[in-house]
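Undergrad: Here is a sequence together with a model predicted from it:
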Amino acid sequence: MTVSAHRRSGQSLYGERVPLVAAAVCPHPPLLVPEVAGAAAPELDDLRAACDAAVAGLLAATPDAVVLVGDGPATGWITPPATGTLQPWGVDLAVPLDPTPPDQDAAPLDPTAPHGGAVLPLSLTIGAWLLARHETRVPVAAVQVAADTDPQTLRDLAGQVGDHRPRAALLVLGDGSACRGEKSPGYADPRAEPYDEGVAAALATADADTLLGLDPVLSTELKVAGRASWQVLAAAARATGGDWRGQLRHHTAPYGVSYLVATWEPA
């Protein structure tokens, strides 16, 4: 779709530089990690494969850096060193945000907000774990977004994605509704399936407007963990300008939670 109709030439809001070169959207259930899932790991093989394919496509765009975006208890940038842990889910596994050695000549992704030794929330821990499966060789940074983050702050964060790297890629972590059936974490809610289908269609078509228009109140009622993160993606694509195309790689709702996997790239 055209995320910025007045920039049909493909020129970005930042002049000739195009900060965002690709994006991938993945869910962040701890069961995605086979060691956590145990005997149930095969139940999510298709989801895991879709996430791997999305991350591989992201890295194929040869970004200068990957920025993880996921929900957390606060809003702001997290820069390495930072580590996530899966101990709360019974696995003694530490996941560093950025396993690559520091580049002494490269500017930090966000020098104004260092959080040395930070502990990653679950969303960013799973994102870092997905990147580690691909032996990522570019710098990695992350931003966490609280569910009550105001729209202007989300737009500001999106605008910062390309501040210090000319070719950044986003790995966006977020679950859909958790109200898909009586055994779901939020019990059954008839509004959940239409909500998820709307998000799936928006991700499939790179529809930034629909994502930016998601109702935060309804999203909270449906226990959606990805709304704010998806809106950072939508705002970043809009700020970059040009036309974008999307591909929905996976959409299921096991365990009563909607999991969506998608990729976005410039058209």
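TA: Perfect, I can see it now.
Undergrad: Please, where are all the helices along the stretch 1-150 of the chain?
TA: With DSSP state H, counting those that start in this stretch, the ranges of helices along the stretch 1-150 of the chain come out as 34-37, 45-60, 122-132.
Undergrad: quick one, which of those helices is packed in tightest?
TA: helix 122-132 (a mean of 25; mean count of other C-beta atoms under 10 Å). In short, each C-beta sits where N, CA and C put it, glycine included.
Undergrad: can you give me how far that one is from the chain middle?
TA: 10 Å (C-alpha atoms, centre = their mean, to the nearest Å).
Undergrad: quick one on the thing from earlier: show me the one of the helices of the stretch 1-150 of the chain that comes nearest residue 190.
TA: Among the helices of the stretch 1-150 of the chain, the nearest to residue 190 by C-beta to C-beta is helix 45-60 (24.5 Å).
Undergrad: For this structure, just list every one of the strands.
TA: With DSSP state E as the criterion, the chain has strands at 20-26, 65-71, 76-78, 82-85, 94-96, 118-119, 140-145, 168-173, 244-252, 259-266.
Undergrad: For stretch 212-231, could you pull out the residues that count as buried?
TA: Neighbour counts over stretch 212-231 (16 or more other C-beta atoms under 10 Å) mark 212, 214, 216, 219, 221-231 as buried.
Undergrad: residues in contact with it?
TA: 25, 27-28, 69-71, 123, 145-149, 151, 154, 172-179, 185-186, 189, 191-192, 195, 199, 203, 211, 234-235, 238, 260 (C-beta atoms under 8 Å, 6 or more residues apart in numbering).
Undergrad: re the thing from before, JSON lines please, covering the strands of the chain and showing distance to residue 58.
TA: Output for the strands of the chain, formatted as JSON lines (distance: least, C-beta to C-beta, whole Å):
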{"stretch": "strand 20-26", "distance to residue 58": "4"}
{"stretch": "strand 65-71", "distance to residue 58": "7"}
{"stretch": "strand 76-78", "distance to residue 58": "19"}
{"stretch": "strand 82-85", "distance to residue 58": "19"}
{"stretch": "strand 94-96", "distance to residue 58": "18"}
{"stretch": "strand 118-119", "distance to residue 58": "23"}
{"stretch": "strand 140-145", "distance to residue 58": "12"}
{"stretch": "strand 168-173", "distance to residue 58": "5"}
{"stretch": "strand 244-252", "distance to residue 58": "12"}
{"stretch": "strand 259-266", "distance to residue 58": "7"}
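Undergrad: any idea which of those scores lowest on pLDDT?
TA: Note on the strands of the chain: strand 118-119 shows the lowest mean pLDDT, a mean of 88.
Undergrad: Sheet partners, orientation included, of that strand?
TA: Strand 118-119 sits in its sheet next to strand 82-85 (parallel), going by DSSP bridges.
Undergrad: and the partner strand, how far from the chain's centre?
TA: The chain centroid and the centroid of strand 82-85 are separated by 17 Å, computed with C-alpha atoms, centre = their mean.
Undergrad: now stretch 80-99
TA: Relative to the centre of its chain, stretch 80-99 is centred 17 Å away, using C-alpha atoms, centre = their mean.
Undergrad: Equivalent analysis for stretch 125-145, please.
TA: Centroid separation between stretch 125-145 and its chain, computed with C-alpha atoms, centre = their mean, is 10 Å.
Undergrad: okay, that stretch in PDB with CA atoms only?
TA: These are the backbone C-alpha positions of stretch 125-145, laid out as PDB (Å, rounded to 0.1, in the frame of the first residue of the first chain):
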ATOM      1  CA  THR A 125      13.900 -12.400  24.900                       C
ATOM      2  CA  ILE A 126      12.000 -14.400  22.300                       C
ATOM      3  CA  GLY A 127      13.100 -12.000  19.600                       C
ATOM      4  CA  ALA A 128      16.700 -12.200  20.600                       C
ATOM      5  CA  TRP A 129      16.400 -16.000  20.600                       C
ATOM      6  CA  LEU A 130      14.900 -16.000  17.100                       C
ATOM      7  CA  LEU A 131      17.800 -13.900  15.800                       C
ATOM      8  CA  ALA A 132      20.400 -16.100  17.600                       C
ATOM      9  CA  ARG A 133      19.100 -19.100  15.600                       C
ATOM     10  CA  HIS A 134      20.300 -17.300  12.400                       C
ATOM     11  CA  GLU A 135      23.700 -16.300  13.800                       C
ATOM     12  CA  THR A 136      23.000 -12.600  13.200                       C
ATOM     13  CA  ARG A 137      26.100 -10.700  12.300                       C
ATOM     14  CA  VAL A 138      24.800  -7.100  12.500                       C
ATOM     15  CA  PRO A 139      24.300  -5.000  15.700                       C
ATOM     16  CA  VAL A 140      21.000  -5.500  17.500                       C
ATOM     17  CA  ALA A 141      19.100  -3.000  19.600                       C
ATOM     18  CA  ALA A 142      15.600  -3.100  21.100                       C
ATOM     19  CA  VAL A 143      12.800  -0.900  22.200                       C
ATOM     20  CA  GLN A 144      10.100  -2.000  24.600                       C
ATOM     21  CA  VAL A 145       6.600  -0.400  24.500                       C
END
